[in-house]
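# Kindly return the folded structure for what I paste below:
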Amino acid sequence: MKTPQEGAAVYANARIVDPSRGIDEMGALVVIDGKIADAGAAAANQGAPDGATRHDCAGRTIVPGLVDTRVFIGEPGAEHRETIASASAAAAAGGVTSLVMMPDTDPVIDDVALVEFVLRTARETARTRIYPAAAITKGLRGGEMSEIGLLLDAGAVMFTDGRQTIANAAVMRNAMRYARDFGAVIAHETRDADLSAGGIMNSGLFASWLGFSGIPREAEVLPLERDLRLAALTGVDYHAAKISTEMSADAIRAAKDKGLKVSAGVSINHLSLNENDIGEYRTFFKLSPPLRHEDDRLAMVEALKDGTIDLIVSSHDPQDVDTKRLPFSEAADGAVGLETLLSAGLRLVHSGDVSLSRLIEAMSTAPAKLIGIDAGTLKPGAPADFVVLDLDAPWVLDAEHLHSRSKNTAFDGARFTGRVMQTVVAGTSVYDA
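From the prediction side, this is the model:
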């Protein structure tokens with residue numbers, strides 16, 4: 001007979017949304033020993049296991065835990081901005097049960113010892129699952145390649161140069177060849193250094209009004225199109241880490257139509273905000289890529305709907321007052337986003353632009369598939385990583401209440417409808433609202 005101490009629990013009277021199985025129905029979720037025993041309408045009819053703890057969800061929604069594949073963390077080297085522990089706490093509050101940590105640390109995650117450090121520190125301090133991404137090139141300098149095979153064996157789940165774009169096409173081609181041979185994913189954020197040099201925000205009329213040099217959309221799409229050509233040449237699994245323009249979406253769509261093994265991500269910021277949100281030089285809206293014209297934002301939403309864009313990331317990038325409380329042209333790029341990822345995404349659901357199932361697929365099922373982890377699903381036997389949501393709960397974000405060590409959110413004072421009420425990892429609650 002199972003007892004509560006042995007880990008049996010039933011989450012009853014819940015709307016179960018599981019894109020991995022095409023399920024959206026009223027039912028229950030059953031957890032036994034940290035794994036999902038059943039989830040859906042059938043689970044509600046089977047009754048609770050002996051000794052199980054019963055949780056009445058009162059009609060709230062259960063979805064797979066989110067998987068965020070683009071999270072910048074300060075540890076090691078900038079722990080004052082964010083540690084693995086504080087990022088994990090922020091993730092739990094946002095319904096993110098698994099995250100991929102970018103290699104932009106000091107020292108850079110380009111060595112087996114650093115991969116092992118991240119995994120060890122996560123085991124000791126994190127509430128959620130942390131997976132390290134390793135650098136494509138040593139020191140993120142775009143020259144000498146990292147040891148892809150050794151880093152993969154050590155536990156790296158993808159390869160990226162983080163905020164940096166590899167300018168040398170030969171280096172990128174060689175990296176793609178090695179990644180292909182090892183079955184690894186290359187994730188690349190594309191930004192042409194020469195075209196974007198001196199640019200502060202999106203190129204256009206609004207930049208002219210503010211008196212800033214602009215970053216043209218071509219600065220993103222030109223290196224992206226080069227990468228897509230190289231992906232076709234090498235056969236690598238290529239992921240465009242963060243696109244923001246209609247031209248980039250068109251390039252990804254064309255590559256997919258040709259049968260290339262490519263995928264694309266978009267940050268929640270570029271689905272929710274546009275360049276007008278910068279207002280009068282608000283540095284928390286200074287991002288990379290920059291916030292674009294409303295036409296591009298709408299194109300990102302459409303590309304998400306039709307599957308051109310595969311997944312959504314928070315692009316969580318903590319910055320402190322020394323790097324953000326500066327004139328707009330001098331402030332660092334980036335905003336925290338783990339705790340607002342889901343609620344900001346729900347705006348698209350409430351507006352009717354995207355279905356809830358598609359949103360969760362892009363935030364959970366698709367990213368889990370990209371990095372090859374057992375997550376993003378409520379199927380029987382999977383780890384019991386899930387989120388209980390109140391889709392209709394109104395709330396206002398107060399940046400000072402964020403769990404992140406940095407408070408540079410683009411959503412301070414924003415009004416949301418829908419929030420995380422509980423986050424569960426391996427059957428254990430790691431966050432309760």
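# Strands of the stretch 51-200 of the chain, start to end?
Along the stretch 51-200 of the chain, counting by DSSP state E, counting those that start in this stretch, strands occupy 53-56, 61-64, 66-71, 96-101, 129-132, 185-188.
# And these: which comes nearest residue 403?
strand 96-101 (11.3 Å; CB to CB). Just so you know, the C-beta spots here come from the backbone N, C-alpha and C atoms, and that holds for glycine as well.
# and the angle for that closest one with strand 66-71?
Here strand 96-101 runs at 20 degrees with respect to strand 66-71, directions being taken by axes from the mean of the first three to the mean of the last three CA atoms, to 10 degrees.
# Just the residues contacting the lowest-mean-pLDDT helix or strand in the chain, thanks.
The least trusted helix or strand in the chain, going by mean pLDDT, DSSP states H and E, turns out to be helix 41-46, with a mean of 88. Judged by CB atoms under 8 Å, 6 or more residues apart in numbering, the contacts made with helix 41-46 from elsewhere in the structure are 10, 12-13, 16, 25-30, 37-38.
# Check which residues of that helix are buried.
43-44 (16 or more other CB atoms under 10 Å).
# swap in stretch 252-265?
Counting neighbours by 16+ other CB under 10 Å, stretch 252-265 gives 252-253, 255-256, 260-265 as buried.
# So which residues of the stretch 251-400 of the chain form helices?
Assignment of helices within the stretch 251-400 of the chain using DSSP state H, counting those that start in this stretch yields the ranges 268-272, 294-306, 321-324, 341-350, 356-360, 366-371.
# For the second one, which outside residues touch it?
Contacts made with helix 294-306 from outside it, assessed by CB under 8 Å, 6+ apart, are listed as 217, 243-246, 249, 252-253, 264, 266, 270-274, 276, 309, 312, 348, 353-354, 358, 362.
# Buried ones from those residues, can you make that a PyMOL selection?
The buried subset of these, as determined by 16+ other CB under 10 Å, is captured in PyMOL by this line:
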select buried, resi 217+243+244+245+246+249+252+253+264+266+270+271+272+273+274+309+312+348+353+354+358+362
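# Of the contacts of helix 294-306, which belong to strands?
264, 266, 312 (DSSP state E).
# ends of stretch 265-282, how far apart?
With CA to CA, to the nearest Å as the measure, stretch 265-282 spans 25 Å from end to end.
# Run the chain-centre distance for it.
Its chain's average C-alpha position is 16 Å from that of stretch 265-282, according to CA atoms, centre = their mean, to the nearest Å.
# And residue 101, how far from residue 338?
Separation of residue 101 from residue 338 (CB to CB, to the nearest Å): 12 Å.
# what's the overlap in contacts for the two?
Residues touching both residue 101 and residue 338 (CB under 8 Å, 6+ apart) are 71, 87.
# okay, those two: which has more neighbours?
For residue 101 and residue 338, the more surrounded residue by other CB atoms under 10 Å is residue 338, and the numbers stand at 30 against 26.
# residue contacts, that one?
Applying CB under 8 Å, 6+ apart as the definition, the contact partners of residue 338 turn out to be 68, 71, 87, 90-91, 93-94, 96, 99, 314, 316, 404.
# mind putting those residues in a markdown table, pLDDT and neighbour count included?
As requested, these are arranged in a markdown table below (pLDDT from 0 to 100; neighbours: other CB atoms under 10 Å):
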| residue | pLDDT | neighbour count |
| --- | --- | --- |
| 68 | 98 | 29 |
| 71 | 98 | 27 |
| 87 | 98 | 34 |
| 90 | 98 | 31 |
| 91 | 98 | 33 |
| 93 | 98 | 23 |
| 94 | 98 | 31 |
| 96 | 98 | 32 |
| 99 | 98 | 30 |
| 314 | 98 | 30 |
| 316 | 98 | 32 |
| 404 | 98 | 25 |
